[in-house]
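J.: Could you work out the structure for the sequence below:
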Amino acid sequence: MMRCPKCRAATRTRTSEELSPLTRRSYHQCQNMHCGHTFTTMTQYEKAINDTKPTFEINIPQAAFPRSHIGENQLDLTL
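T.: Model (predicted):
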């Protein structure tokens, strides 16, 4: 969870966008109604912790995952 950089209250991630396969920008809103600060953060892939090898014999269909796992259930934030 991100905290508000101004008042340190909890924030809610309103939406996010993929900038590249390894980078995502997220838009946050402070939950303190007296503050209401909005800001963005960047999440970026840094490094692999374990050395996994892809298994091409296993094919999991996309329909097996909930919509929230494939990015179709996010709120829109008009900027």
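J.: avg pLDDT for stretch 31-48?
T.: The average pLDDT for stretch 31-48 rounds to 95.
J.: First-to-last residue distance for that stretch?
T.: Across stretch 31-48, the terminal residues are separated by 33 Å (CA to CA, to the nearest Å).
J.: Check what contacts that stretch and list those residues.
T.: Stretch 31-48 is contacted from outside by 2, 4-7, 9-12, 14, 19, 22-30, using CB atoms under 8 Å, 6 or more residues apart in numbering. Placement of C-beta: from N, CA and C, glycine included.
J.: Buried ones only from the residues you listed, please, as a PyMOL command.
T.: Buried residues within these, by 16 or more other CB atoms under 10 Å, are selected in PyMOL with:
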select buried, resi 4+11+26+27+28+29+30
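J.: which ones among the contacts of stretch 31-48 are found in strands?
T.: Counting by DSSP state E, those place Thr11, Arg12, Arg14, Leu19, Thr23, Arg24, Arg25, Ser26, Tyr27, His28, Gln29, Cys30 in strands.
J.: is it true that the fourth one touches Ser26?
T.: No - here Leu19 lies out of contact with Ser26, judged by CB atoms under 8 Å, at a distance of 10.7 Å.
J.: residue ranges with poor pLDDT in the protein?
T.: Across the chain, the ranges flagged by pLDDT under 70 are 71-75, 77, 79.
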